[in-house]
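>>> Here is my input; please provide its structure:
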Amino acid sequence: MNSNMIIETGGGTDDATGCGFGATNVDAAHSGAATFGAAIFGAEFGLSDAVLEALKNKGFTAPTPIQAISLPRLLADEGHLVVKARTGTGKTAAFGIPLVEKLTTGTRAPRALILTPTRELCQQICKEIASLTTRQFPRITAVYGGASIRNQIFELKRGTEIVAGTPGRVMDLMDRKALDLSAVDYFILDEADEMLDMGFFEDIETILKAVKPERRVGLFSATMPDPILKIVREYIGEVEILEDAAPEDEKPAVDQFYLVVKKEDRLEALRRIIDAADDFYALVFCATKIGADELAHRLVENGYPAEAIHGDLSQEARERTLRRFRSKLTKILVATDVAARGLDIERLTHVINFDLPNDKEIYIHRIGRTGRAGRRGKAVSLALPSERQRIKFLSRNMERLLGTPIVFAKVPHVKAVMKAMKRRIVSSVIEAWDADADDPLQSGDASAAIAEQGVENATAVAGEAAAIPAEGAVEAGAAAGAAPAVSLLLSDPVAAIS
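Numbers count the residues shown, from 1 in each chain. From the prediction side, this is the model:
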């Protein structure tokens, strides 16, 4: 087989909010029934009834493009694969289904090893693969730092067929003679480019030598730069490359924007983006751990439900932060690239690049967090004046790779922000009245409280509306009449609508 073979799957103007940041997502219609979808998998790939039952329970309707080309090859037990697939295209199931299909008997030593760069991705992979089986086997064990190694050793001693882990913890368990990789038939690297780029190369090389020579290797990643691909070929040999070159209607449904603002004005620009959106549930990316902490702290000081996540947090703190974010108790998660790698958060409305990424691969990874499962998302990058050429170069790359450029947009105007806030406040008041229609006094108290809070918010926005001296600058006086307009809600909410 040709080692260079590539098989591809086929198949900015301002609005009322100032720059298109306020639209809400709409669920895509579900196509086909789960039973019919399971039948499609069975007919195409010859999967067992047990696996088909699991796919039916999960509501799978049809294989994704990357699953359609990778499943036959992984099920056939032939050769090594490099699979280039974006986040959200079903790549975990692409390697998980063959493992569940093939590993049907219990063993003492694992027969499959999945390496991931982060603890969160390791946990998600384990959860996804566990949901693909309805039988006793295979069993899957997660091993990663920040959790009790004692418990992990206990699980390994009980026997497991699949181990998913981070390189450091896998190496630690190997050194303790608690993890025997001599029986591994399937060696999977998820987010392979990130692991090799993060300095895990020597660990991966050591781990690879510990598995038997006739093992199969599968590398899954959104990107695979040529230098890394060269290393892969040197150590693994001949590989088949499968690439998710999705058609236009299957590319990330993300509207991409960039703003040009001075460094000291980025927080104010971010606040306006948040306030202009009808719903804001977002990942905000920073370049450093310190930067992520500082931004989250400043957002909280300004009344926004934000938290930071990065590598310095303990495992317990990371899990607690993610639980709050997934339940939307926190609606803004400020993250570094490494900490956010592999996070699968549903229904994100925005991805904000508070700091620009270093290259196009990282940018693609970031924006792939939104615009998934048939919903449109927004990616907004805050570029410094000195970064104009950099963002334009990135835009040309996105137009070539994704079919759409990154569109210049203005910082949302204060009037547009106030209009959006007024609309939300009115909606809240009406909902309060409807909920308490049988108690006029209570209804009036509820609506008044909501409206008074709206006045406070409006006044705060107006007070902070000093002009941003960059593209999209607005005049501070634009918000002068905003608070009185909102205060109309106190006396006549219906009139406020008009």
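>>> Helix or strand with the lowest mean pLDDT in the chain?
strand 6-8 (a mean of 36; mean pLDDT, DSSP states H and E).
>>> how close does the closest residue in space to residue 133 that isn't next to it in sequence get to residue 75?
Nearest non-adjacent residue to residue 133, counting by C-beta to C-beta, 6 or more residues apart in numbering: residue 100, 4.8 Å away. Placement of C-beta: from N, CA and C, glycine included. When distance is defined by C-beta to C-beta, to the nearest Å, residue 100 is 11 Å away from residue 75.
>>> Residue 59 now?
Taken as C-beta to C-beta, the span from residue 59 to residue 75 is 22 Å.
>>> And these two? Which one has more around it.
residue 75 (15 against 12; other C-beta atoms under 10 Å).
>>> The more buried one touches residue 98, doesn't it?
Yes - with contact defined as C-beta atoms under 8 Å, residue 75 reaches residue 98; the gap is 5.1 Å.
>>> Shouldn't residue 256 be within a strand?
Yes - assessed by DSSP: H, G, I helix; E, B strand; the rest coil, residue 256 belongs to a strand.
>>> Pop the domain breakdown of the protein in here.
Segmentation of the chain into domains, based on automatic domain parsing, reads 63-247, 251-408, 414-497.
>>> per-residue confidence for the residue most central in space within the chain?
Closest residue to the average C-alpha location of the chain: residue 369 at 3.0 Å, with C-alpha atoms, centre = their mean. Reported pLDDT at residue 369 in the predicted model: 83.
>>> now swap in the one 5 residues further on and tell me
Model confidence at residue 374, expressed as pLDDT, equals 69.
>>> again, but for the one 10 residues further on
The predicted structure scores residue 384 at 95 on the pLDDT scale.
>>> Now it: closest residue in space, sequence neighbours ignored.
Closest residue in space to residue 384, ignoring its immediate chain neighbours: residue 263 at 5.9 Å, by C-beta to C-beta, 6+ apart.
>>> The one you found contacts residue 383, correct?
No - judged on C-beta under 8 Å, residue 263 makes no contact with residue 383 at a distance of 10.6 Å.
>>> Those two - which one has more neighbours?
The neighbour comparison of residue 263 against residue 383 (other C-beta under 10 Å) goes to residue 383, with 24 against 10.
>>> who's in contact with the more buried one?
258-261, 356, 390-391 (C-beta atoms under 8 Å, 6 or more residues apart in numbering).
>>> Against residue 234, how distant is residue 151?
37 Å.
>>> Compare the two (neighbour count), which wins?
residue 151 (11 against 8).
>>> In terms of helices and strands, where is the more buried one?
Residue 151 is located in helix 149-158, with elements delineated by DSSP states H and E.
>>> CA atoms only: put that helix into CSV for me.
Extracted C-alpha coordinates of helix 149-158, given in CSV (Å, rounded to 0.1, in the frame of the first residue of the first chain):
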residue,chain,number,x,y,z
ILE,A,149,-2.8,5.5,41.3
ARG,A,150,-3.8,2.9,43.9
ASN,A,151,-7.3,2.6,42.6
GLN,A,152,-6.0,2.4,39.0
ILE,A,153,-3.6,-0.4,39.9
PHE,A,154,-6.5,-2.3,41.6
GLU,A,155,-8.6,-2.0,38.4
LEU,A,156,-5.7,-3.2,36.2
LYS,A,157,-5.2,-6.2,38.5
ARG,A,158,-8.8,-7.2,38.2
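>>> contacting residues around the next helix or strand after it?
Reading on from helix 149-158 to the C-terminus, the next helix or strand found by DSSP H and E is strand 162-165. For strand 162-165, the surrounding residues in contact (C-beta under 8 Å, 6+ apart) are 99, 103, 110-116, 122, 125-126, 129, 138-144, 156, 170, 173, 179.
>>> In strands only, show me these.
Among the contacts of strand 162-165, DSSP state E puts 112-115, 140-143 in strands.
>>> Out of those, flag the one nearest to residue 419.
The nearest member of the ones in strands among the contacts of strand 162-165 to residue 419, counting by C-beta to C-beta, is residue 142 at 47.7 Å.
>>> list the contacts for the closest one?
With the criterion set at C-beta under 8 Å, 6+ apart, residue 142 makes contact with 122-123, 126, 152, 164-165.
>>> Just put the residues you listed in TSV and tack on pLDDT and neighbour count.
Output for the contacts of residue 142, formatted as TSV (pLDDT from 0 to 100; neighbours: other C-beta atoms under 10 Å):
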residue	pLDDT	neighbour count
122	90	25
123	87	19
126	93	22
152	96	21
164	97	29
165	95	26
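>>> Helices of the stretch 201-350 of the chain, residue ranges please.
Assigned by DSSP state H, counting those that start in this stretch, the stretch 201-350 of the chain shows helices spanning 201-210, 226-236, 266-276, 289-301, 315-326, 337-340.
>>> So which bits of the fifth one are buried?
Read it as helix 315-326. Within helix 315-326, the residues that qualify as buried are 318-319, 321-322, 325, counting by 16 or more other C-beta atoms under 10 Å.
>>> For that helix, list the C-alpha coordinates in PDB.
Provided in PDB are the C-alpha atoms of helix 315-326 (Å, rounded to 0.1, in the frame of the first residue of the first chain):
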ATOM      1  CA  GLN A 315      -7.900  17.000  39.300                       C
ATOM      2  CA  GLU A 316     -10.600  17.600  41.900                       C
ATOM      3  CA  ALA A 317     -10.700  21.300  41.100                       C
ATOM      4  CA  ARG A 318     -10.700  20.700  37.300                       C
ATOM      5  CA  GLU A 319     -13.600  18.200  37.600                       C
ATOM      6  CA  ARG A 320     -15.600  20.600  39.800                       C
ATOM      7  CA  THR A 321     -15.000  23.400  37.400                       C
ATOM      8  CA  LEU A 322     -16.200  21.300  34.400                       C
ATOM      9  CA  ARG A 323     -19.300  20.100  36.300                       C
ATOM     10  CA  ARG A 324     -20.300  23.700  36.900                       C
ATOM     11  CA  PHE A 325     -19.700  24.600  33.300                       C
ATOM     12  CA  ARG A 326     -21.600  21.700  31.900                       C
END
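>>> what packs against that helix?
Packing partners of helix 315-326 (3 or more C-beta pairs under 8 Å, 6 or more residues apart in numbering; DSSP states H and E): helix 119-130, strand 306-309.
>>> got the angle between it and helix 289-301?
Calculated by axes from the mean of the first three to the mean of the last three C-alpha atoms, to 10 degrees, helix 315-326 forms an angle of 50 degrees with helix 289-301.
>>> So for helix 315-326, mean pLDDT?
90.
>>> thinking again about what came up before, which other helices and strands does the helix holding residue 151 contact?
strand 140-143, helix 167-175.
>>> For those, state which one has the densest average packing.
Most buried of the helices and strands packed on helix 149-158 by mean neighbour count (mean count of other C-beta atoms under 10 Å) is strand 140-143; its value is a mean of 24.
>>> What strands flank it, and is each parallel or antiparallel?
strand 162-165 (parallel) (DSSP bridges).
>>> next one: the partner strand to chain centre, how far?
Relative to the mean C-alpha coordinate of its chain, strand 162-165 is positioned 22 Å out (C-alpha atoms, centre = their mean, to the nearest Å).
>>> Let's see that strand as PDB, backbone CA atoms only.
Written as PDB, here are the backbone C-alpha positions of strand 162-165 (Å, rounded to 0.1, in the frame of the first residue of the first chain):
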ATOM      1  CA  ILE A 162      -8.800  -1.600  27.000                       C
ATOM      2  CA  VAL A 163      -6.600   1.000  28.800                       C
ATOM      3  CA  ALA A 164      -7.000   4.700  28.000                       C
ATOM      4  CA  GLY A 165      -4.500   7.000  29.600                       C
END
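>>> follow-up on the earlier one: out of the buried residues of helix 315-326, flag the one nearest to residue 220.
residue 322 (22.3 Å).
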